[in-house]
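Asker: Got a sequence here, can you model it:
(4 chains)
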4 protein chains.
Amino acid sequence: MIVILKQNTSENEINNLTNSLEAKGVEVSKVKGKDLIILGLVGDTSKIDHSQIEANRNVERVMHVQEPFKKANKMFHPEPSIIDVNGQKIGGNKIALIAGPCSVENEKQIIGIAESVKGLGAGFLRGGAFKPRTSPYSFQGLAYEGLELLKIAREKTGLPIVTEIMSPYDVEKFNEEVDIIQVGARNMQNFDLLKELGKANRPILLKRGLSSNIEELLMSAEYIMAGGNENVILCERGIRTFETFTRNTLDLSIVPAIKKLSHLPIIIDPSHAAGKWWMVEPLSKAAIAVGADGLIIEVHNDPANALCDGQQSIKPDVYGKLLEELRPIAKAVGREL
Amino acid sequence: MIVILKQNTSENEINNLTNSLEAKGVEVSKVKGKDLIILGLVGDTSKIDHSQIEANRNVERVMHVQEPFKKANKMFHPEPSIIDVNGQKIGGNKIALIAGPCSVENEKQIIGIAESVKGLGAGFLRGGAFKPRTSPYSFQGLAYEGLELLKIAREKTGLPIVTEIMSPYDVEKFNEEVDIIQVGARNMQNFDLLKELGKANRPILLKRGLSSNIEELLMSAEYIMAGGNENVILCERGIRTFETFTRNTLDLSIVPAIKKLSHLPIIIDPSHAAGKWWMVEPLSKAAIAVGADGLIIEVHNDPANALCDGQQSIKPDVYGKLLEELRPIAKAVGREL
Amino acid sequence: MIVILKQNTSENEINNLTNSLEAKGVEVSKVKGKDLIILGLVGDTSKIDHSQIEANRNVERVMHVQEPFKKANKMFHPEPSIIDVNGQKIGGNKIALIAGPCSVENEKQIIGIAESVKGLGAGFLRGGAFKPRTSPYSFQGLAYEGLELLKIAREKTGLPIVTEIMSPYDVEKFNEEVDIIQVGARNMQNFDLLKELGKANRPILLKRGLSSNIEELLMSAEYIMAGGNENVILCERGIRTFETFTRNTLDLSIVPAIKKLSHLPIIIDPSHAAGKWWMVEPLSKAAIAVGADGLIIEVHNDPANALCDGQQSIKPDVYGKLLEELRPIAKAVGREL
Amino acid sequence: MIVILKQNTSENEINNLTNSLEAKGVEVSKVKGKDLIILGLVGDTSKIDHSQIEANRNVERVMHVQEPFKKANKMFHPEPSIIDVNGQKIGGNKIALIAGPCSVENEKQIIGIAESVKGLGAGFLRGGAFKPRTSPYSFQGLAYEGLELLKIAREKTGLPIVTEIMSPYDVEKFNEEVDIIQVGARNMQNFDLLKELGKANRPILLKRGLSSNIEELLMSAEYIMAGGNENVILCERGIRTFETFTRNTLDLSIVPAIKKLSHLPIIIDPSHAAGKWWMVEPLSKAAIAVGADGLIIEVHNDPANALCDGQQSIKPDVYGKLLEELRPIAKAVGREL
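Answerer: Numbering: from 1, shown residues only, chains lettered A, B, ... in the order given. Next comes the predicted model:
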């Protein structure tokens, strides 16, 4: 950690600050020039609160040098984490394929789609039971009934199920019944929910918030991991920018960034990123090429009548064709589908 | 609502879509030119889901004309809402002054600050008991103990207390014990929490999310109001932009925008917006001049040793001086402090 | 074009507006509901200024339905444009490979790099002679001397040269001596420069501005094309967002968007996007997979001593290895390198 | 300047880097801990290029401590600069009032508006002769004819004229005929234009780019000042964010930021920021309250028929009323109108 002091800070004030920092267990080195006073903090700075030092009126700026996340940090865990989901792996050589509708609508729909995507090569079934909708007047999902339908689809197809949790009340139930618990973009910094999920043992699919930077995403993973659950899968689903042609801007640079900073796997959601079904194909190809560990894609048998997000869902036949086209790209980057 | 169809949509397909829309209870008018087909939907379009129509592959775009919020809409409630908090009003002629520390640290601290700010003219005491922190290793607040200390401070000073809720578990307790329940920026779209708060009857201070637009803020207010609790106070605390000199970018345009769109009061939090204590004063003046209904400001007796956000807190004497300087501006815009 | 009127607009005022619009040569259809008045404008709306209609105090909003660009529009030119540069094509089946240093430093450097990248498979040489630098105190490029050195490198290698223009003064000279004239991101809306380039006949490489949306990029292309020069190559080089880990956020969704909206080719600059040399490889792969027509990459023989942007330049051997790895991805998407 | 090295950098490599830095004339101090190596650079670092050091593969990050601007820096010029325009001052106690139409349309219009705004208290006349328009098909301004009309209006009213320059070709003419030369947001980083303006002696009104941060604005001012023209007036006119309700987001925090970092005056353009005429009044009040040195406002006698930007123009009577309302706010912050 580096502390820049104001030019006119007195020796006395420098000493006071140095002492208070050393009392927190770090070593402090001073660099002093004509118009520059720097304190370099060496040692375990993880317990030192950035904003507390900045509150000192002699401090110009505080910069951290080491990443503030630990359990998610590649430095302390150089090998990539491979998450095991009922025997299937996420983060290894094989690319994880998660597919299914935005929301579970009825038994016939979810079983039909599950069978379709399984037949085409998907390894996991996604489907929303609890839906975070901007408007209270929009369809909010089938809730617990949707969960039951997902379980029936799992029984029929053997596909592990991925579904979004919205309330800490449901952690226990989800931990028993769901194979991968999804935290949506809007809840990425719902810290109470993250803490509860830290006590679960199911893998958590953590989506990046619409305006969260890479470090914040890793800090939210850290919340879950610090609680004891180290099975975190990160997911990029587009960030909010000034561009309005796409619903969000898919930030594929996050994949090499995460590979550099962390050992956690990262998958891409091209459906939510673009908000346009015809962009799913090219963005999926780019996601595999950039090194993503998986794809979560909205597939619906009848997008025009889907209860939500039909405009970004593709039909099973389009999904099947896409997987075929992805195979050589996966191979080109040393992975398999 | 307006639906733009693709140029080459057949008469048959136009009729199918028209029929399916009319089945939802709206009247559909068609405008057709050489390279333009528009359907104008007239009637109650509130139950029609935007994204469902967009899923139709003949649809180019859907645009809503009327705002999707109702209870928060000025059109149906032209008079400004004035929220009553134990006899004090927010949203009327008098500007609400909420002040206090980022987090409650101990009894002496919170009572000391409460007495100071009351003496200087503040009408409400703020203080965090549950703190949403980016890092799991940062101080997380005193939790229920902090709440007890706030209650003691209220008893001593008579100031109503404002504090942040982070979990739906706590709604019942907060509804009994807290005067204004704050929803933080990160939870603006924590819809489960909003729904629970819709069943409470305490006023809710709803902060704008870091990347939420004005319409989304009003839709989150709508969640609470649709549940039955119409006492919502909006709060702007800065949005996330590319600018890094300030922690966030305070968007003061939201004040006239809300006054045009809604009847709900809106207050400004200059402390979190700038993240710099020396910006609190000019931004507070701008907030009053632009027409805000109140200010929520971080005041701490010893910012350099505050357990959080010291760099953006001002001391009581600075706060007192600020209030003096705000008075003539309030008067200039027809308000009083 | 669609005009939404305020609910309480009188019949008289609607008629006045309708007449004034019809006087501009369009047909106006009215849709009127309980709380909705829409005017649908059919015909040639390209000469009608959006903001002029919005200035009418009865107008709530104006929305355009058709894209405001014409010559760049795919609707009127369904086949992709293939730009010919001294016999090499950009926009066809073969992916264009442009490589070279950020800035031309001396004869030995530029010839050495030109020979290297040519040997590895690049088809075009890039190199900055005029450099747009944020600081007036940074190296500003060798200017005309740099241009001469580029010409020597072209003579030695046969590679067409791509270099950035910064002033309308230089259009004549560049048009004579340069093979592809680059307009940098900061000048994307330097309309006077664009107009001058419309009179040139060399292909223009137009980079997207840091905060320009897709429509604005196409409107800037339209400026050049409206002047008579239809040889425009678009280039995405990252947009400015809140993320600070990367220098900019590479928006790969622009590739399918442009392919849908326009016939112009689009290439990707992964070097400027990320600002980190180790991201060039994965982002280049993603660019090819998403369907880009080319790559412009910074290659330097000695990045650590480069006079600018060394942190985002790769060495020739890394570039060679990258091209090998790109080949199977290009093949997978039906292209060749 | 601070250089963070990678943990595993060898002593030998540290020495090499240190030597190469010292060769540039700075003193280098090393701080070394278990997993942290920092070099603190003391002395004149202004000639050292950030990106050149980052290109060294052992370097993790480079952070500058001192602002990269000098002539614009408050540190070396603690007193605020007061710009003299034909005897009127900008930056002093009196708030500068610049008003006029978006574009000059004809003699009657510009003289009429000039007389109106002068009568109401404006000190400067603005009016566009050369207009930067997103579309090549929109009205581009009357060009030199517009300039002549502005000069007639100046002669009639005595008001100094402010108008936008778009091409370096026009610097000489503008320097002779215009009182304040405006650089628009899109040209803030048109460095060739800035360099030419550095040779002029008229005051330059430099508008912040839509996605330019505060430091970049000051660096653009530095370009002009480094050329010899120190008469720069900064102008905030809204930045581009994800919010779409307003055309841009007015960032009023820039005013206290500039007051802290620089001695240059800063004025606010509420018309372009909001893009809505009814927001001009509250945003102007906020601008004065936050400490701006002036206001540039679009005033048109007939907004509904203005050739551009009518939706954000106010009528003279509204402008007059606004000035009356601004007076007590100006007084409250120790200024006069």
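
Asker: Helices along chain A, start to end?
Answerer: A:11-22, A:50-54, A:107-120, A:144-157, A:171-177, A:191-198, A:214-226, A:254-261, A:270-274, A:280-290, A:316-332 (DSSP state H).

Asker: Could you tell me the least trusted of those helices?
Answerer: Mean pLDDT is lowest for helix A:50-54 out of the helices of chain A, coming in at a mean of 78.

Asker: Around chain B, which positions in the stretch 201-337 of chain A sit nearby?
Answerer: For the stretch 201-337 of chain A, the residues in contact with chain B (C-beta under 8 Å from any C-beta of the partner chain) are A:209-211, A:216, A:219, A:222-223, A:226-227, A:240, A:303-311, A:313. In short, each C-beta sits where N, CA and C put it, glycine included.

Asker: Now for residue A:297: which residues touch it?
Answerer: Applying C-beta atoms under 8 Å, 6 or more residues apart in numbering or on different chains, we find residue A:297 in contact with A:97, A:98, A:99, A:269, A:270, A:271, A:280, A:284, A:314, A:319, A:322.

Asker: can we see that at 10 Å?
Answerer: Each residue near residue A:297 by C-beta atoms under 10 Å, 6 or more residues apart in numbering or on different chains is listed here: A:97-100, A:117, A:122, A:126, A:268-272, A:280-281, A:283-284, A:287, A:312-314, A:318-319, A:322-323.

Asker: Can you give me the distance of residue A:133 to chain D?
Answerer: 19 Å (C-beta to the nearest C-beta, to the nearest Å).

Asker: Give me the spatial nearest neighbour of that residue, chain neighbours excluded.
Answerer: Excluding its sequence neighbours, the residue lying closest to residue A:133 (C-beta to C-beta, 6 or more residues apart in numbering or on different chains) is residue A:140, at 6.0 Å.

Asker: Give the full set of residues in contact with the one you found.
Answerer: Each residue near residue A:140 by C-beta under 10 Å, 6+ apart is listed here: A:103, A:128, A:130, A:131, A:132, A:133, A:166, A:308, B:191, B:195.

Asker: List buried members of those residues by neighbour count.
Answerer: A:103, A:128, A:130, A:131, A:132, A:133, A:166, A:308, B:191, B:195 (16 or more other C-beta atoms under 10 Å in any protein chain shown).

Asker: Looking at the residues you listed, spot the one nearest chain D.
Answerer: Proximity of the buried ones among the contacts of residue A:140 to chain D (C-beta to the nearest C-beta) peaks at residue A:132, which lies at 18.4 Å.

Asker: Wait, residue A:54 touches residue B:275, no?
Answerer: Yes - in this structure, residue A:54 is within contact of residue B:275 by C-beta atoms under 10 Å, at 8.7 Å.

Asker: Neighbour count for those two, which is higher?
Answerer: More crowded of residue A:54 and residue B:275, by other C-beta atoms under 10 Å in any protein chain shown: residue A:54, with 22 against 18.

Asker: got a list of what the residue nearest to the more buried one when sequence neighbours are not counted touches?
Answerer: Using C-beta to C-beta, 6+ apart and skipping residues adjacent in sequence, the residue nearest residue A:54 is residue B:311, 3.8 Å away. Shown in contact with residue B:311 (C-beta under 10 Å, 6+ apart): A:50-57, A:59, A:62, B:247, B:271, B:274-278, B:298, B:303-304.

Asker: ok, now residue A:104?
Answerer: With contact taken as C-beta under 10 Å, 6+ apart, residue A:104 is in contact with A:110, A:113, A:125-131, A:141-143, A:145-150, A:153, A:161, A:163, A:307.

Asker: hang on, the earlier thing: out of the contacts of residue A:297, which are close to chain C?
Answerer: Restricting the contacts of residue A:297 to those near chain C by C-beta under 10 Å from any C-beta of the partner chain leaves A:270, A:280, A:281, A:283, A:284, A:287.

Asker: Keep only those of these that are also close to chain D.
Answerer: Residues of the ones next to chain C among the contacts of residue A:297 in contact with chain D (C-beta under 10 Å from any C-beta): none.

Asker: ok, the residues you listed vs chain C, which is closest?
Answerer: Once C-beta to the nearest C-beta is applied, the member of those that ends up nearest chain C is residue A:283, at 6.5 Å.

Asker: Excluding chain neighbours, give the residue nearest to the closest one in space.
Answerer: Leaving aside its sequence neighbours, residue A:283 sits nearest to residue A:270 (C-beta to C-beta, 6+ apart; 3.7 Å).

Asker: Name the nearest residue to residue A:290, ignoring sequence neighbours.
Answerer: residue C:286 (3.9 Å).

Asker: oh sorry, the question was meant for residue A:21
Answerer: In this structure, residue A:21 finds its nearest non-sequential neighbour in residue A:28, 5.2 Å apart by C-beta to C-beta, 6+ apart.

Asker: residues from the stretch 1-150 of chain A in reach of chain B?
Answerer: The stretch 1-150 of chain A comes close to chain B at residues A:17, A:20, A:46-59, A:62, A:68-71, A:102, A:130-140, as judged by C-beta under 10 Å from any C-beta.

Asker: now with 8 Å?
Answerer: Contact residues (C-beta under 8 Å from any C-beta) of the stretch 1-150 of chain A with chain B: A:46-47, A:49, A:51-52, A:54-57, A:68, A:132-139.

Asker: Give the ChimeraX command for selecting the buried subset of these.
Answerer: The ChimeraX command for the buried members of the residues of the stretch 1-150 of chain A next to chain B (criterion: 16+ other C-beta under 10 Å) is given here:
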select /A:49,51,52,54,55,56,68,132,133,134,135,136,137,138,139
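
Asker: From residue C:77, how far off is residue A:92?
Answerer: Per C-beta to C-beta, to the nearest Å, residue A:92 is found 46 Å from residue C:77.

Asker: Quick check: residues of the stretch 1-150 of chain A near chain D?
Answerer: Near chain D, when you scan the stretch 1-150 of chain A using C-beta under 8 Å from any C-beta, you find A:2, A:4, A:27, A:29, A:31-36, A:38, A:40, A:42-43, A:60-61, A:63, A:65-66.

Asker: Just list whatever residues bridge to residue A:234.
Answerer: Beta bridges link residue A:234 to residue A:206, residue A:266, judged by DSSP bridges.

Asker: Following the record's annotation, map out the domains of chain A.
Answerer: Domain assignment for chain A by automatic domain parsing gives A:2-63, A:74-332.

Asker: Check those domains for me and report the most buried one.
Answerer: domain A:74-332 (a mean of 22; mean count of other C-beta atoms under 10 Å in any protein chain shown).

Asker: sorry, back to before: possible to save the helices of chain A as JSON lines with distance to residue B:294?
Answerer: Shown next, in JSON lines, are the helices of chain A (distance: least, C-beta to C-beta, whole Å):
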{"stretch": "helix A:11-22", "distance to residue B:294": "36"}
{"stretch": "helix A:50-54", "distance to residue B:294": "25"}
{"stretch": "helix A:107-120", "distance to residue B:294": "48"}
{"stretch": "helix A:144-157", "distance to residue B:294": "41"}
{"stretch": "helix A:171-177", "distance to residue B:294": "37"}
{"stretch": "helix A:191-198", "distance to residue B:294": "27"}
{"stretch": "helix A:214-226", "distance to residue B:294": "29"}
{"stretch": "helix A:254-261", "distance to residue B:294": "39"}
{"stretch": "helix A:270-274", "distance to residue B:294": "36"}
{"stretch": "helix A:280-290", "distance to residue B:294": "44"}
{"stretch": "helix A:316-332", "distance to residue B:294": "52"}
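
Asker: Next, find the distance separating whichever residue of the stretch 201-337 of chain A sits closest to chain B from residue A:302.
Answerer: Using C-beta to the nearest C-beta, the closest approach of the stretch 201-337 of chain A to chain B is made by residue A:310 at 2.4 Å. Noted for residue A:310: a distance of 8 Å to residue A:302, by C-beta to C-beta.
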